[in-house]
Each structure stands twice: as C-alpha cells, then as structure tokens.
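K.L.:
Build me a model:
(chains A, B and C)
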Amino acid sequence: MTALAAGKKIDPLLADLDRDGLAGDPDWLAKLRRRAAASFDAHGLPTPKQEAWKYTDLSAIRSRGYRWGGIDAGERARDGGDSIEHTPFVGLDPISIVFVDGVFAERLSDLGVAPRGVRIVSIADALSRGESWVREGLSALAHFEDRSLVALNTAYLRDGAAIYLPERAVVERPIHVRFLSSREAAHHPRMLFCAMKDAEATLIEDYAPGADRPAYYNNAVSELSLGANARLRHIRIENEASAAHHTATVQVLQRAHSRYQGFNISVGASLARIDTNVALNEAGSEAELWGVYSAFGNRHVDNHTFVDHTEPSCTSRETYKGILGERGRAVFNGRVLVRPDAQKTNAVQRNQNLLLSTDARVDTKPELEIYADDVKCAHGATVGQLDPAALFYLRSRGLGVAEARAVLSRAFVSDVLDRIGQETIAKSLALALMPAVEANGKEQA
Amino acid sequence: METPREPVAVDAALNEIVEQEYRFGFVSDIEADSAPPGLSEEIVRFISAKKEEPEWLLEWRLAAYRRWIRMVEPKWAHVHYPPIDFQEISYYSAPKSKEDAPKSLDEVDPELLETFEKLGIPLSERAALAGVAVDAVFDSVSVATTFKDKLSDLGIVFCSFSEAVRNHPDLVRKYLGTVVPPGDNFYSTLNSAVFSDGSFAYIPEGVQCPMELSTYFRINAAKTGQFERTLLVADKGARVSYLEGCTAPMRDENQLHAAVVELIALEDADIKYSTVQNWYPGDKEGKGGIYNFVTKRGACRGARSKISWTQVETGSAITWKYPGCLLIGDESVGEFYSVAMTNNKQQADTGTKMIHIGKNTRSTILSKGISAGEGQNAYRGLVRIQKGAEGARNYSQCDSLLLGDRCGAHTFPYLEVRNESSTVEHEASTSKIGEDQLFYCQSRGLSMEDAVSMIVNGFCKEVLRELPMEFAVEAQKLLGVSLEGAVG
Amino acid sequence: MLLKIENLNASVAGEPILNGIDLDVGAGQVHAVMGPNGSGKSTLAHVLSGRPGYEVTEGAVTFEGDDLLALEPEERAREGVFLGFQYPVEIPGVNNNYFLKAALNAIRKHRGEEELDAFDFIKLMKERAALMELDESLLSRAVNEGFSGGEKKRNEIFQMAVLDPKLAILDETDSGLDIDALRVVATGINKLRRDDNAIILITHYQRLLDYVQPDFVHVLSGGRIVKSGDKTLALDLEKQGYAWLETSPEARPVRS
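P.N.:
Below you'll find the model as predicted:
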C-alpha cells in the first residue's frame, strides 16, 4: 500500500491492506482500490455530526479494533468453510453460493446447473478469468467518493458473489448468496448482480454467523442493475450474530419498465445500518421496497432508503415496519426525490413502528423532495403500540402476556413477510424477529 | 390525460394571481435616528443606552453578543442565498421625535400615523378596528399602542417591550430568555444581543383578554435589520388571542428580519398566536426581499395549558421559522396550523417543533404548502416524545400543492419517540392542482383564475379557519382569493 | 336550432373516437344518446363542454348559430351549456353554496343580469334544493366531498336547476343509482324540462328513459350515430342489446 503509505495518516481500518498486497490484482482493480483507500483515509468512518448519521454512532466499531479478516496474499487456496456448519433454508432448493469470512466456500455451495449464459460465480474467480462484465460492473453503481463505507469496502474488494443474467434468461430456482462469518474480524463482502433485458430472478442475500457466534464486523456493498423489463425479487436478510456489527450499502439501478421488489429484513447484529438506494433511471420502471426490522436487547437498527426518480412515469412503493422492545432502538430515514423531469411519478412511502417497552426508542424521518409538478406522492409514519383490546382478547383466550404480545407483534409485520413469497424464509424470520417467549403451554401462532 | 391547452391557461391564471403588485411597497419619508452599520460591543451598548436599559439587561445582551461572535450560521435549511455581511447592516433605526417617546397618540408624528393608516392599521382608537388592541412597531421601535388603558383596568399589561422593561422589570426579568435561551441558535442569539423593540403582554391569573392583541411590524429604513422581541405571558387560567402582521417597502437589497417570540402559558392558560407574514418577497427575478429568520417558541408550563400557532406565510424572499411548543405541563396541548406560499423565487423552510415532556400531552400539526413559479417550499418539523411523556399523542398532516413545473415542494419530518405509550402519526401528500377540479369549475362558468383561487383557498381552508376573522379576510386576499364564506 | 353538430370528428391522445357525428337539437327537445361502452358517448359530452385533451379534428358545432368549439369551457357554461358529470369532482375545502354562487353570478354577469345578493341566492338555493329533494345540509359541505354516489348525481341536477342552462348534457347521470335515487333524479329532470331549453341524455340503459321520455333516441357506435328514432328505439335496444351493432358494422349514419 505504498501510495497510501506516502500519505500522512493511515486509518487503522485500512492497516491490513498491506497484508493482502495489491500485487495479484489486475491493474484497473489495484487502481480502484487505491483510490477507494485514499478516499476512506480522507473521510474516515461517518460520525453523528453528519445529518445522515445523526442517530447512529459507529464509534463502537472503531473501539473494537477489528482487524481485516480476509486471507493473506498467497494463502488464496484455503477453503474457509471447513469448520463451518451451514444450514440452508429448509425446502428452498436454491442455487447457492456461500462465502465464509469473505472467501468463496466451494464445499458449502451448490451452483447447480444454471440456464445457458447465466453466470453465478465468485468475484475472485471471475477476476482471474478476466470476465469483462465484472470489471464493468464493479463500482459502476456504488460510488465511494462521498460514502466512506463504500470506499472502505472497495479498498478491500477481492471476493464476493457475481451474478450475470443474459437477455431473456429466467432463473427459476432462487439464487441464495450467503455470507457466513466465523472469526472476530472485519469483512467487506461484495455482491454484483446484473440482469440484462427481460431477465428474471429471485435473489436471496443473507448474512449469518458461523457456529460460534463471535463478534465481527461486516461492511457489505451490493450493486444490482436491472436492464429493460428485467424483474428481480431481492430478499436481503441481516441475521448476524447478536454481538456483530453490520453496515451495508445496496445500490440498485433500474432501466425502462424494469421491476425491482426488495425485501429488507434486519434482525440480528447489535448495530446494523443499511442504506438502500434505488435509482429509477428510465421511464416506466417500478420499485417496491419492503422492510421489516426489530430491535431487542441493546440492539440498534438504522435503515436509510433513497428512491431517486429521475425519469417520468416511474412508480415506487415503500413500506418499512419495525418492532422495538427492551432497550432496542430503531432509526428510519426514507428519502424520495422526484427530479424536474420525473413527471407522472407515483411514489408512496410508509414507516410504521411498534414500541413494546419504555426503554425502546424510534427516530423516523420520511422525506419527500419534489421538483416536478405532475406527481402523486405521499408518505406516512406512525409510532404506536399494540391494541390493548386485541391483547386482552388473546389473554382472555389463555395466552400469556408475553406470548400475546409476540403473536400480535408478528401479526403487525406479517403482511410484509407474507409477500416475500418464500414460506420457509418468512417462517424462520418471524421467529428471529423477537426473543423466544415461553409458550405458556400453548402452540405459538 | 394529455392537456395541450390547459397548462398555458393555468400558468396565465397563476401569473395573474402571482403578479399582483405588492401593495405595501411604499417608503415613508420619516427622519430617522439610526446606528451606523456594523455590529460590535459598542453597538450593543449604544442600543441599550438608547433604551435607557438597566444594567442586567445590558449584561444579558453582551453575554449573548459574546456567544454569537463564536457561532456559525446554520446551513441545514433547504434554502440558498449569498452570505450575509453582518457588518453591513444597521442594527438600530428609530423615527426621530422632537421629544422623547410620545406620551399619547396626539404626539405621534402624523406621517407615521398616516403610514399605518395606509397599511390598514388605524392607530387612533376611534377609528381602530373594534376589538383589536394594536402595538405598532416601526423599524426598531414601538410607536404606539392602542387601548392600553382599557386593558390595564383588567390588569392586562400590553405595551412595547422597551416600556415593559421600564415599568414591569420584574416580569420581564422573570420570563425573558426562559423559552428561547440566549445561545439557542445563531439568529436568536443575534436577536438577544441587538433586539430593539417588540411587544410585551401579560395576562393575569384568571383573566380572559376581551380583545385581540395585535402587533404590526413595519420595516421602513433601508439597510436596516429588524430584531424585535415579543414576550407573552398568560398566567394561570388566562386566555389571549394575539395577532401579528408585517410588511416592508420594496427595496432592491435584501433586509434581515430576525425576531424572537417567547410565549409562556401557566396552568390552564390558553394562548392563540396568529401571524400573517407579508414581508416584501422580492421581485420576480428574486431581487430584494426580506430574509425572515425567526425563532418562535412557546412553553406550556402548566398542566392543561394550550398554545396554538397559526401562520400564513406569503411574503419574504426566504422564510426560516419553526414556531414550536414545549409541552411541559401534563395534558398540555400544542397546535400548529400553517399555510406557506412561495412564488417566483421565494424560498420557505418552515414547520414546527413539538416537544412532548409532560404526560398525556397532545399536539396537532397541519401544514399546507403551495408552490408556484420557481418557489421552493419545505416543511420541516420535529415531533419528540420524551421518555416521561406517557400517553402523548401527535398527529401531523402536511399537504403540498404544486402550481407549475418549475417549483418544488419538500417534506422533512423528524419523529423521535422515546415512550412506548405514545402515539405519533404523520401523513403527507404532494400533488398538482387537479385538472379535473379546474375543468369542473370552468364547466360551471368560473374563469380559470377564479377556479385556481377557489381550489387553493379550499386547500388551505382548514388552516384559514383557525385565524381570527379580521386576519382570515386579509389572509385570503393575500392568497389571491376573493372572500369565501359570505354565504352559507 | 339550438345545437347543430355537423360531421364532428374528435380524437383523444391522437386516437380518433368520434368519426363524423351529425345531430340537431331544437329548443324543447329531449334527445337520448345511447350506445355500448366505448362508442364515444362520454367523449361527445366532453367535446361539447370543451374538456381539455379532446381534440376536434374535423366538423363544426354551433350553439344558437355561434361557433361553440371556439369557446373556453367557462364561456360555454355562461352561454348556457351545462354538463352533468358522470363522475362529479370533489373539491375539498370549497363549499357548495359558495361554489354555486360564484358560478351563478359569473353566468348572470355574462347575461347582463345583476349579481344575486346573499339573501336572494339563499332563497333560490332553498327553493331548488326542495325541488330536487336535496338535503340542505349538503349545501354547506365541500363540493361533492364525502357525498355518496347518489348524492353526487343529485347535486349535479341541483346545480343544473340553479344555473338554469339552455342546453343540459347529462352524462350517464343514471349510472350507479338505485331505483329510488333514479326516480328522484328523473323527477328533477322532468321538472326542469321546458319549451325553451333542451336536454341531451347520455345513457347506457333504457331505465332512465322509463322516467324521462325522450323525443328522439340515437344509437352511437364506433363514434358515429348509426340509428335514430323515437322512444320506441330505446325499447328495441333494451330487448336486443347492443350486440346487433357488431354484426352490422356497415350500419350507416342516419340523420335525425
């Protein structure tokens, strides 16, 4: 990392770049990573002084002193999955590509037989074969100049999932990209998804701990581009270890008449911050953003969404729901921007929160910023609690208080979970949403 | 539906409404006693000395000044303007009178009386609006207060701020800066250092003020800032409705208006504060106009107290204000009703802050934004439910209406909830003026202009009806509409 | 002739909808225009009332001898053309009384009549509301806001009663009404029928015509009048439906 070393300071989070050495990288990648590293070094981790980070403080990540968890140069052959248990969603039968501590784990993956022309590979593999779509796609959407977490991820860019769907490719089986973490370290998972015209897929992107549930830091970046009339159902699950830290940037670009349906579930890490940015860049495209989050214990979850309407006749619909209990804390910031040319925009955004305890806390900020006149835009946010009448009703039928609350809380988010269209996932998420409740001798709903 | 003809017609109708001359743009030729431009400790001492203030108030001002010089101008609002040179502004301008302050209306400069007459605010009590007591503030000083004696029979104090400092120093000292502390924000701190005059009202325990209290603010002098300070205290069980109006001459340069308003409502007190803000907005190209950077805040200190803000903001080049309520007393109530209209190159970033501290506190926010021309209109509101605010409730509704394709409408609500037994609801919508509605009105014989005004007026109705009658009429005129409700 | 339509062709968003309509309406006449969905019935109503987005590509319409198509929608209304909307528009915050007073006075001013003061206006409103069996409380509510379907339609006929047009075009005023509401609306229309005004009833069903007897019935298909006759034609249509139109696409326009 000589270029950087020449600079005055080196952020400790970049200290391990030397271990990886940029030697093995193609020229363009080495340059990209150097620029990203320099950018991160200049800005550092975001702080609550920045408006977008007003309610979320990342200083815990710094104070943990995480070291980079990737493998050193020359150590490339190791399959990190040796000691890891991997339990896929029951009955899902996906094409799966699994990473352990940021490195492709072939043993745990099932790449199956994908339709002709479809590529589902590790970024490292694709790079070593010089696949041009990977080179063109990486960093094309997730710019790092003004986003230091993207810069940090890009500085360590080495492996991750790369998926390419050629024109008219329809992948029937869901594609399951799983990032498992087993070591107390920082990882920077990357995902690249490109669907060309008329292509269609369901993508599950999921983050979970290895067996021993350590503390670790995942700083993920996903870039998804949808060609004209392409369709993607994207289910993103943050179910990290409860001691873990998770930050993520999801960048979506949509071409004409494409349809993006995003589900964003966050239930795990002690601190999770997920930025979802959708650019409706050509006329007639449609985005649906669904989110479910919960925070119990001392968990802090922050969802920032940004829907950018640049072109006419696009539609966006967004609903995020949260359940907060114990000392849990949630932040929601949803921004809808309608630029001057984006006439006939139809945008709706909702954020609803359920507060279950005195110490729980919610800060929500839906934003509409509109520069076109022929539009229909609305947003709404609510913070409330369970209906006492419903609670009493369940109790009068024999459910304990905690159980009744759990049942009603899950019901509160069930409309979103049901839409995922994958029953097995919805079920396991419903369980992960809240701490286990003594069932009071009854079956849980 | 494609509408090849309509947009042009709508624009023409809007232009007609938008291009109404600013009616209050005249300059009065009144000899003034002004401070030289620039701000320093000397100027602060000069202002304080001019007003023959007690030592404590001078110290209070100086403390604010010393804080202010270390502060930086806030940049977070959704407005854009060139940097303000605070040394270019004159911080004091008062009409020269032969003697000291006029003892009665007869001694007020006739030119001044005529100015207010022209503004529709006759100051002679015989001609005055029935049921409205007026404090008229011209540049930096209050020139007249009507119905003072009648009110004092009930123990109500209503006078200029300077007079209150002289005659009711204990009341002023007890409450000044307790709601908007010196150092609260850049502009309020500046105001604390250099505020010149304003209105003061105290309604004693159990008294219902029998008439509307009103302050009319007029900026006249060029290159002068206006920094008035209003303090309103409603003691236990008291009730008052207060109105505020403002105009300024048309001038090419921007003028700064940085006021502070503090309201205090004790147990069971009820304050209704209405503003029709019509400062000069600048011309069509955005030249000139008032920068209206105002801090208004009310504290519901006592249980069951209520503070209600109603504002109609049609003037100013830039408006930056967030009248808020600190809901401290249990079961206290805060309300905010707002219509903000931006035309041409006007910019508004306005909304409210509702801070729920006491139990079972309630707040309602109703905001209507209208954007036309190249106007940029932002609602920014904070609702915070503190941990102890059990059973707190908030409902907010923010609607924006877009007239034309070069304007913008923005909504930035901040909802911070730290109590699980509270309920907070926010709803917002933005849409274009309805083509169906326009055609429906036209097909009944109404001109496009009338149709637009009628729909705009209907859009604002829920807010306008919160205004006292005299102001509602004025507000509707300002919104370019004829009087509705004469029948039915 | 009150209204004369000659070879009227009109399109919406570039797509031709009316393809050569000829129709004469004289004072004292009630014309029913019937036809299947998509035949151009509502388009005809909108073109006559000047709705933006409807482009006349050919033909002429005169109203009392003057070119109607040259006029703005409000000018047509002031000349005495009234459109009863199929979907009356809600205008939040604007009350009915105020709305109608503004409309009536705009029309009266145009006619060179004095504007009505509040007292005379309220008197007129009460009288017409009674005529229409309209609940007076609706008058102080916002225009159509929160009205039931039946209330909206009754409000349209009530507005017609207040504005007293020379030509009323009622666009599917009967649709969505239950039989009681239909009877009230029809009774209202009959009460407003005079020798010096005319009504065009646009309807899909015979039902309304049981109560309001038309002098002429026209069948619209493919943007043209394919058959005209007296009220018995409506009865025939009721029996046969509109299917026969599709089997005889060559049906030629017939002058009434």
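K.L.:
can you list the weak-confidence ranges in the chain?
P.N.:
Picked chain A for this. Within chain A, the ranges that satisfy pLDDT under 70 run A:1-9, A:19-23, A:71-85, A:211, A:213, A:437-445.
K.L.:
To clarify, I was referring to chain C.
P.N.:
Looking at chain C by pLDDT under 70, you get C:245-256.
K.L.:
just the strands in it please.
P.N.:
Assigned by DSSP state E, chain C shows strands spanning C:3-12, C:15-25, C:30-34, C:54-63, C:66-67, C:81-84, C:91-95, C:142-143, C:167-171, C:198-203, C:216-221, C:224-229.
K.L.:
Give me the sheet partners of the third one and which way each runs.
P.N.:
Translated: strand C:30-34. strand C:198-203 (parallel), strand C:216-221 (parallel) (DSSP bridges).
K.L.:
How about residues contacting it?
P.N.:
C:23, C:25, C:41, C:44, C:193, C:198-204, C:209, C:212-220, C:225, C:231, C:234, C:237, C:256 (C-beta atoms under 8 Å, 6 or more residues apart in numbering or on different chains). C-betas here are computed from N, CA, C, even on glycine.
K.L.:
I'd like to know which residues of the stretch 351-488 of chain B are adjacent to chain A.
P.N.:
Contact residues, the stretch 351-488 of chain B versus chain A (C-beta under 8 Å from any C-beta of the partner chain): B:385, B:387, B:400, B:402-432.
K.L.:
So which of these are in strands?
P.N.:
Secondary structure from DSSP E places B:385, B:400, B:402-403, B:408-417, B:423-432 of these in strands.
K.L.:
which strands and helices sit next to the biggest helix by length in chain A?
P.N.:
Identified as the longest helix of chain A according to DSSP state H is helix A:401-419. Other helices and strands packing on helix A:401-419, by 3 or more C-beta pairs under 8 Å, 6 or more residues apart in numbering or on different chains; DSSP states H and E, are strand A:286-295, strand A:315-324, strand A:346-355, helix A:388-396, helix A:423-433.
K.L.:
Pull the distance from it to the chain's centre.
P.N.:
22 Å (C-alpha atoms, centre = their mean, to the nearest Å).
K.L.:
returning to that earlier point: any idea which of the helices and strands packed on helix A:401-419 gets closest to residue A:335?
P.N.:
Evaluated with C-beta to C-beta, the helices and strands packed on helix A:401-419 place strand A:346-355 nearest to residue A:335, the distance being 8.9 Å.
K.L.:
sorry, back to before: Throw the strands paired with strand C:30-34 into TSV and include mean neighbour count, thanks.
P.N.:
Converted to TSV, the strands paired with strand C:30-34 look like this (neighbours: other C-beta atoms under 10 Å in any protein chain shown):
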stretch	mean neighbour count
strand C:198-203	25
strand C:216-221	24
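K.L.:
what's the burial count for residue 204?
P.N.:
Going with chain A. 23 (other C-beta atoms under 10 Å in any protein chain shown).
K.L.:
could you do chain B instead?
P.N.:
Neighbours of residue B:204 (other C-beta under 10 Å): 15.
K.L.:
and the closest residue to it other than its chain neighbours, how many neighbours?
P.N.:
Distances taken as C-beta to C-beta, 6 or more residues apart in numbering or on different chains put residue B:155 closest to residue B:204, at 4.2 Å, once the chain neighbours are dropped. Residue B:155 has 14 neighbouring residues, counting by other C-beta under 10 Å.
K.L.:
go on, residue A:374?
P.N.:
Count around residue A:374 with other C-beta under 10 Å applied: 16.
K.L.:
Hmm, it is touching residue B:405, no?
P.N.:
Yes: the pair residue A:374 / residue B:405 is scored as a contact, 7.3 Å apart, by C-beta atoms under 8 Å.
K.L.:
okay, and the common contacts of these two?
P.N.:
Residues touching both residue A:374 and residue B:405 (C-beta under 8 Å, 6+ apart): residue A:343.
K.L.:
Surely the residue nearest to residue B:204 is within a helix?
P.N.:
No: read with DSSP: H, G, I helix; E, B strand; the rest coil, residue B:155 is coil and lies in no helix.
K.L.:
where does chain B dip in pLDDT?
P.N.:
B:1-32, B:95-110, B:112-113, B:115-132, B:139-144, B:222, B:246-251, B:470, B:473, B:477-488.
K.L.:
Show the residue spans covered by the helices in it.
P.N.:
Using DSSP H, helices in chain B cover B:6-18, B:41-50, B:55-68, B:110-118, B:148-152, B:161-167, B:169-175, B:186-194, B:435-442, B:448-464, B:469-478.
K.L.:
Tell me which of those lies nearest to chain C.
P.N.:
Proximity to chain C (C-beta to the nearest C-beta) singles out helix B:448-464 among the helices of chain B, at 2.9 Å.
K.L.:
any idea how far the residue of the stretch 51-200 of chain B found nearest chain A is from residue C:5?
P.N.:
Going by C-beta to the nearest C-beta, chain A is nearest to residue B:76 of the stretch 51-200 of chain B, at 6.7 Å. For residue B:76, the distance to residue C:5 equals 61 Å [C-beta to C-beta, to the nearest Å].
K.L.:
can you check residue B:430 too?
P.N.:
Plainly put, residue B:430 is 41 Å away from residue C:5 if you go by C-beta to C-beta.
K.L.:
Can you report phi and psi for the closest residue to residue C:158 other than its chain neighbours?
P.N.:
Once flanking residues are discounted, residue C:158 sits nearest to residue C:132: 4.4 Å by C-beta to C-beta, 6+ apart. Main-chain torsions, residue C:132, degrees, to the nearest 10: phi -90, psi 0.
K.L.:
Okay, and the beta partners of residue B:257?
P.N.:
Assigned bridge partners for residue B:257, using DSSP bridges, are residue B:226, residue B:292.
K.L.:
surely residue B:438 meets residue B:455?
P.N.:
Yes: counting by C-beta under 8 Å, residue B:438 does reach residue B:455; the two are 7.1 Å apart.
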